[in-house]
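Participant: below are the sequence and a predicted model for it; my questions follow.
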Amino acid sequence: MRKLGFPKNDHYFQIKTFPLEPGDILLIGSDGRDDIGLVQNDSNLRSINEDETLILRFVERAEANLKNIVHEIESSGEITDDLSFLKIEYFPENPRMSLPEIVKKEYIEIKNKSKQGKYAEALEQLLPLIENFPHPSFLALAGNLQYQLKDWKEAIKNLKLASKDNPIKEEYLYMTARALYKNGQVQEAIIWCERLFLRNKLYKQNTKLLMYLLDKTNNIDKKEFYLEFFSHEQSIV
């Protein structure tokens, strides 16, 4: 989708997530960034810029300095629409957690116990590890173990924490939705399914769960809306 607010884009809508590194910059601009009146060199005829990548070249030349970006735009032609920018620089308060090798080794050992079906034993070993190293992967594993042990409440708590700390992981969203459903929190489970669906509608397990929950709650309108996303693709439901 080129711009927010364009008509007939509902069913092509997709949320994409990207991890930010320290020092990364996010720039958001209004329509004026593109709607520039350009005058041809050999005539007085004016045309409106249709190159949506032009602003990217301005940002690169200006090195993301807002005043310099505006100067680049003004130098290229006439601003014909409102022009505003929001600049966000990412400087995390807490650096990424670095795990000692001995901790990584213990985590692998716990995962192996989980694969062998020793859920209670693996969880008992994992929980003290989480107290000192609340890594998203550890929280997600704890949530999965608690799910297997049908401790839905604790599973939901740890899976939500894992998703908050590492929101790019689609699996965490699905696992949270699944645990919420098992705990009888159907409406909240739908919300988590929707979050993942809007990122990746081809995540089959999540889409099937979403459609099942919408049927269960008789939410026909919303189900029909989401099914429209597959109008140009083979349905996976």
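Facilitator: Cool, got the structure. Numbering: from 1, shown residues only.

Participant: Phe91 is in contact with Asp24, isn't it?
Facilitator: No. In this structure, Phe91 is not within contact of Asp24 by C-beta atoms under 8 Å, at 9.3 Å. To be clear about C-beta, it is placed using only N, CA and C from the backbone, and glycine gets the same treatment.

Participant: more neighbours, these two?
Facilitator: Taking other C-beta atoms under 10 Å, Phe91 and Asp24 do not tie; Asp24 has more neighbours (12 against 8).

Participant: thought Glu89 was touching that one, still the case?
Facilitator: Yes. Proximity of Asp24 to Glu89 meets the contact threshold set by C-beta under 8 Å, at 7.4 Å.

Participant: which stretches in this protein count as helices?
Facilitator: For the chain, the helices defined by DSSP state H occupy 54-62, 66-76, 101-115, 119-132, 136-148, 152-165, 170-182, 186-197, 204-216, 220-227.

Participant: let's have the ones you listed in CSV, adding mean neighbour count and distance to Ser47.
Facilitator: Output for those, formatted as CSV (neighbours: other C-beta atoms under 10 Å; distance: least, C-beta to C-beta, whole Å):
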stretch, mean neighbour count, distance to Ser47
helix 54-62, 16, 13
helix 66-76, 15, 12
helix 101-115, 14, 59
helix 119-132, 15, 60
helix 136-148, 22, 50
helix 152-165, 20, 47
helix 170-182, 23, 43
helix 186-197, 20, 40
helix 204-216, 18, 44
helix 220-227, 14, 38
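
Participant: okay, those in a markdown table with mean pLDDT and distance to Pro95 next?
Facilitator: A markdown table is the format used below for those (pLDDT from 0 to 100; distance: least, C-beta to C-beta, whole Å):
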| stretch | mean pLDDT | distance to Pro95 |
| --- | --- | --- |
| helix 54-62 | 90 | 27 |
| helix 66-76 | 89 | 28 |
| helix 101-115 | 96 | 16 |
| helix 119-132 | 96 | 16 |
| helix 136-148 | 96 | 14 |
| helix 152-165 | 96 | 13 |
| helix 170-182 | 96 | 21 |
| helix 186-197 | 97 | 27 |
| helix 204-216 | 96 | 32 |
| helix 220-227 | 90 | 39 |
